[in-house]
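In: Predicted coordinates and the sequence they were generated for:
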Amino acid sequence: MKTRADTSTHTSPAASTNVPTDRADDVENAQSLGSSSAKEDEEHQYLGPRALTLLGGSLLLVILLVTLDVSILATAIPKITDHFHTIADIGWYPAAYMITNASLQPLTGKVFTYFSLKPAFIAFAAVFELGSLICALATSSKMLVVGRAIAGMGSSGLMNGVLTIFAVSASPSVRPTMMGLLMSFAGAGQVIGPLIGGALTEHASWRWCFWINLPVGAVTIVATMFIGFPVYKAGKTNWTFRDVIRDFDITGFSIFAPACIMLLLALEWGGSTYSWSSATIIGLFCGSAGAITAFIIWEYRQGESAMIPVSLVRQRVIYSCLINAMFQYGGMTVFVYYLPLWFQVIKSLSPTMSAVNILPTFALQITSAILIGALTPYFGYLAPPAATGSAFVTIAAGLTSTLTMHTGAGKYVGYQILNGVGRGITMQQPIQAVQSIVSPAMIPVATATVAFAQTFGAALFISLGQTIFINLLSHAMRTYAPGVNAQDVINTGATNYLATLPAGGANADTRHGVLRAYNQAITSTFYLCVGCGAGAFVASLGLGRTKLETRKDKKKKDKEREDAQQRSEADEKRGDISSSSGLIESGPSGSSRDGTS
């Protein structure tokens, strides 16, 4: 039997009106976005503790699966290329997933706006499961790429769906803690992805990187089906083809998706498959720029029916959050991909042990995210933790770039602790800021826009990181190991290449040179993380005085509401007494006591 679960009635606060802006139209936009929040959310039935715990547990599993899929192949790709006897598609295994994920993100906001949350969420979960099944059964490299693309399509709606469901299910007093857990799991998925991928690849098969999604996803779908969500639907009951084209902004999506795909393909292929000066790469960049320009013009003309409304992104808090989210996830993805590689190549660790060595990042990220989520209801302001966390991440990335072949555990563990703390306290701030200043009807679109910024940032900066790594490795190889063909090492992999060299003798200098080249190339990619952290820090300042409702604010509002209710009851009582007195004065026949009419 479907359970409605226990719910709690809570009157949500009006959206914050103290949004800092430098222009009058920014203030007007903030007020227009938030003015209806209190009315639409008045007496909203949030889930109670028991139902929220059950729902939260299943949704956290979803987020873990989705983010695991971003990095789980980092340690499995060598085995996959051995199985299919080709490295031609090596870049497509992560890229196919991220490209479809990023390009569909904004459209999912429209889906959750116009359709009920539960069936839409389950549909995206089913698509993700289908993609995972295709990957697990892949008989060719091309089939694996297709499966990754389908899984990316499903995951595009899952991330936005989870964030939207939390926003309408958790009351403001517990939402920061829930968001802290959620974002820590999102980051943890990327961090432990290489660990799980390495363990499964070593002790079972690379196919289990995808089989693992099926039972966990099935449990999540079943659990979600039997939990009653709060009433939330902003859609229509009857649809026409014209409605779909207009309300979903299909034209805008048809321009936007190719723009993203062309840009990401240019970054993926540039410097590896094609030279940067090739007609293919130049054409992709030009095509992407033209499509993005056309998309901006189209969205401006569409107004509020646009896939990404201009009134939403022109507000300083909103675009600051988007920039912050893009840099955050971009830097984190680069860090998660290249630190395990450093452990495997420079420290000669297995894939499993290399992932174990990045657990300090994971542990501190979860701990600090939960802690900041619990503290947020007491101070409310979002800019301080966002800026502080970004500063920690920037410093940690700078320190990580100093790693050498002889760096001890004390240093690389300490750098990870600083990085994990920084990630944990800053990750959830963009989502919370955006959801706090828009009306409930705008939450799906606003959340999807932030989710797109996160996914696009990850895809963008991992492509840039790969380009930096390959180019610097080739240059460093010519410097430190001139007798070695750099392309052979790149294609074979450092560990496999070094395994072909007998120890001792003349090979000692060659091994040392290859390791020095790899160390320089890997640590140089962390400069990109430094830039991402600095960009996130600057963007976090745009949050200004954006504030969530604190426990003190809630008590004050509850007291004001109680006082207002008491005054209203007193006024009604006085009115009743006055009416009764009037009837007595006039008498039963409507005449006054002296008999005159």
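Out: Great, that's in hand.
In: Which positions within the biggest helix by length in the chain qualify as buried?
Out: The longest helix of the chain (DSSP state H) is helix 443-480. Along helix 443-480, these residues count as buried under the neighbour rule (16 or more other C-beta atoms under 10 Å): 443-470, 472-474, 476-477, 480. For every residue, glycine as well, the C-beta is placed using N, CA and C.
In: pLDDT (mean, whole number) over that helix?
Out: The pLDDT scores in helix 443-480 average 84.
In: After it, which helix or strand is next? Please name it.
Out: Scanning forward in sequence from helix 443-480 by DSSP states H and E, the next helix or strand is helix 486-492.
In: Quick check: mean pLDDT of the next helix or strand after that following helix?
Out: Downstream of helix 486-492, the first helix or strand assigned by DSSP H and E is helix 494-499. Taken as a whole, helix 494-499 has an average pLDDT of 73.
In: Make residue 1 into 30 and carry on from there
Out: With 30 as the first residue, the last one maps to helix 523-528.
In: Residues contacting helix 523-528, please?
Out: With C-beta atoms under 8 Å, 6 or more residues apart in numbering as the test, helix 523-528 has contacts from 107, 373-374, 377, 517-518, 540, 543-544, 547.
In: With stretch 541-556 instead?
Out: Contact partners of stretch 541-556, identified using C-beta under 8 Å, 6+ apart, comprise 363-364, 367, 370-371, 374-375, 426-427, 429-434, 494, 497-498, 501-502, 505-506, 508-511, 513, 518, 523, 526-527.
In: mind running it again at 6 Å?
Out: Residues outside stretch 541-556 that contact it (C-beta atoms under 6 Å, 6 or more residues apart in numbering) are 363, 367, 370-371, 374-375, 426, 429-430, 432, 434, 494, 497-498, 501-502, 505-506, 509-510, 523.
In: Relative to the whole chain's centre, how far out is that stretch?
Out: Counting by C-alpha atoms, centre = their mean, to the nearest Å, stretch 541-556 is centred 30 Å from the centre of its parent chain.
In: repeat for stretch 349-360
Out: Worked out by C-alpha atoms, centre = their mean, stretch 349-360 lies 9 Å from the chain centre.
In: List the contacts of that stretch.
Out: Residues contacting stretch 349-360 (C-beta under 6 Å, 6+ apart): 459, 462-463, 479, 482-483, 486-487, 489-490, 558, 561-562, 564-565, 568-569, 571-572.
In: mind redoing it with 8 Å?
Out: Against stretch 349-360 from outside (C-beta under 8 Å, 6+ apart): 342, 415, 419, 422, 426, 452, 455-456, 458-460, 462-463, 478-479, 482-487, 489-491, 557-558, 560-562, 564-565, 568-572.
In: ditto for stretch 493-505
Out: Contacts of stretch 493-505 (C-beta under 8 Å, 6+ apart): 120, 296-297, 299-301, 362-363, 366-367, 515-516, 518-519, 545-547, 549-551, 553-554, 557.
In: Number of residues surrounding residue 78?
Out: Neighbour count for residue 78, taken as other C-beta atoms under 10 Å: 11.
In: again with the one 10 residues further on
Out: A count of neighbours around residue 88, defined by other C-beta under 10 Å, yields 26.
In: how about it, what does it touch?
Out: 191, 194-195, 211, 249, 253.
In: ok, now residue 139?
Out: Residue 139 neighbours (C-beta under 8 Å, 6+ apart): 276-278, 336, 473-474, 477.
In: among the residues you listed, which two are most distant?
Out: Greatest spatial distance among those (C-beta to C-beta): 276 and 477, at 14.6 Å.
In: Identify the residue nearest residue 164 in space, chain neighbours excluded?
Out: residue 176 (3.6 Å; C-beta to C-beta, 6 or more residues apart in numbering).
In: same check, this time on residue 320
Out: Nearest to residue 320 is residue 288, by C-beta to C-beta, 6+ apart, at 3.5 Å.
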